[in-house]
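Enquirer: Pasting the sequence and the predicted model now:
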Amino acid sequence: MSPAAPAAGSQSRTFTTIGVVGLGTMGAGIAEVFARNGHAVVGVELNDEAVERGRQHLEHSTGRAVRREKMTEAEQAELLGRITFTTALADLADAGLVVEAVVESMEVKKAIFRELDGIVSPDAVLATNTSSLSVTELSSATSGPGRVVGVHFFNPAPVQDLVEVVRTVVTEPDVLTDVQALLASLGKSPVVCGDKAGFIANTLLFGYLNHAASMYEGRYASREDIDAAMRFGCGYPMGPLALLDLIGLDTAYEILETMYRQGRDRLHAPTPVLKQMVTAGLLGRKTGRGFYTYEGPDSPVVV
Ligand code: 3HC
């Protein structure tokens, strides 16, 4: 059963240009999703080096589609040609929607929202891809909190269909409808939920991931057997420890910490090995080592 979509024709905004602030794994993936669907995208990063990393991420991800013959080189060039890169938020003046996907820091995000508020048109929608911070608190940094909404994509954003649309108590209904319609037009499956750390999917998922890490920590079973149990017994595309490596252990730790702080559910109290691995720099695929060892972000498991 598909999630409920807004009625056809009920959309009041037309989104042409989309701004994406932050071109890390999630931001670059989100930029790709919009550009794939014909939108002009303006991607903003902190400095030239970060812009270059974002550009490389996009080239790499679309290059994979070319290698798999899902896209021609000409289509790849066209897609990349729809994305402009900048270090200035002021270049987002024409964006109808801005998706912020920077580091999970309330202060950093609030500063961006405060600045964006004075740049975009009064009708533009400001969205955050936060996975656990309060969208309501973030919206309070703007003069129009009614146009602020959460749009939480899943990793890898070009592949996963789900997007959680997070409404605050003051999000305007037309903003919600327009964003849902836009996401549906991208082939995504939006679901709507309230503003509580973890939203729907992470609240359910991270208790399970945390439990798997704790099982591994207690030497109850090997990493391979824990992962195989969920893949072959429950039909998950990847096991929990491999998924933690994909998400990034630092990100996973932060999400668990925030959910635990807010909900005090023991399921979300990060199991100690996660913190130890983060401290040791074993962040998963992005650093080449987590529960498993990798040769690069896309390589299969080496050890
Ligand atoms: N970026 C873009 N595309 C990617 C990709 C990436 N990083 N990784 C894989 N793909 C594409 C491939 O190109 C391929 O596309 P195609 O079907 O058009 O050829 C397709 O995905 C399948 O890839 P593979 O054949 O290489 O590998 P798998 O079939 O094993 O799929 C997977 C890989 C998509 C990662 C799959 O294992 C999966 O869905 N895993 C679960 C991921 C998941 O649970 N994500 C949610 C994490 S929680 C989260 O994001 C919330 C946040 O707040 C932390």
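Expert: Yep, that arrived.

Enquirer: Close to the ligand: what parts of the stretch 201-303 of the chain are there?
Expert: Residues of the stretch 201-303 of the chain lying close to the ligand (Cβ under 6 Å from any ligand atom) are 202, 237-238, 243, 247, 251. For glycine as for every other residue, the C-beta is placed from the backbone atoms N, C-alpha and C.

Enquirer: what do you get if the cut-off is 5 Å, keeping everything else the same?
Expert: 237-238, 247 (Cβ under 5 Å from any ligand atom).

Enquirer: And the contacts of the longest helix that the chain contains?
Expert: As assigned by DSSP state H, the longest helix anywhere in the chain is helix 48-67. Applying Cβ atoms under 8 Å, 6 or more residues apart in numbering, the contact partners of helix 48-67 are 23-25, 27-29, 31-32, 43, 45, 71-73, 76, 79-80, 83, 85-87, 156, 158, 298.

Enquirer: Could you do stretch 114-128 as well?
Expert: The contact list for stretch 114-128 (Cβ under 8 Å, 6+ apart) reads 13, 15, 19, 21, 89-90, 92-93, 95-101, 109, 113, 135, 138-139, 141-144, 147-151, 175, 178-179.

Enquirer: and the nearest residue to residue 258 once chain neighbours are set aside, which of the three is it?
Expert: Take residue 258 and drop its neighbours on the chain: the residue closest to it by Cβ to Cβ, 6 or more residues apart in numbering is residue 132, 4.0 Å away. Look at residue 132: counting by DSSP: H, G, I helix; E, B strand; the rest coil, its state is coil.

Enquirer: which phi and psi does residue 132 have?
Expert: Per-residue torsions, residue 132: phi -150, psi -10 (degrees, to the nearest 10).

Enquirer: on that earlier part again, make a ChimeraX selection of the buried ones in the contacts of helix 48-67.
Expert: Command for ChimeraX that selects the buried part of these, burial taken from 16 or more other Cβ atoms under 10 Å:
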select :23,24,25,27,28,29,31,32,43,45,71,76,79,80,83,85,158
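
Enquirer: near the ligand at all, stretch 74-90?
Expert: No: using Cβ under 5 Å from any ligand atom, we find that stretch 74-90 stays clear of the ligand, coming within 12.8 Å at best.

Enquirer: that older thread, quick one: which of the contacts of helix 48-67 sit in helices?
Expert: When DSSP H is applied, these are split such that 25, 27-29, 31-32, 73, 76, 79-80 fall in helices.

Enquirer: List just the nearest of these to the ligand.
Expert: Distance to the ligand across the ones in helices among the contacts of helix 48-67 (Cβ to the nearest ligand atom) is lowest for residue 29, with 6.3 Å.

Enquirer: which non-adjacent residue is nearest the closest one?
Expert: residue 157 (3.0 Å).

Enquirer: was I right about the one you found contacting residue 20?
Expert: No: the pair residue 157 / residue 20 is not scored as a contact, 10.5 Å apart, by Cβ atoms under 8 Å.

Enquirer: Now list whatever residues contact both of these two.
Expert: Contacts common to residue 157 and residue 20, judged by Cβ under 8 Å, 6+ apart, are residue 30.

Enquirer: When those two are compared, which one has more neighbours?
Expert: Per other Cβ atoms under 10 Å, whichever of residue 157 and residue 20 has more neighbours is residue 20, with 31 against 21.

Enquirer: Looks to me like the more buried one is in a helix.
Expert: No: counting by three-state DSSP, residue 20 is not found in a helix; it is strand.

Enquirer: ok, now which ones touch it?
Expert: Contacts of residue 20 by Cβ under 8 Å, 6+ apart are 27, 30-31, 34, 41-44, 98-99, 101.
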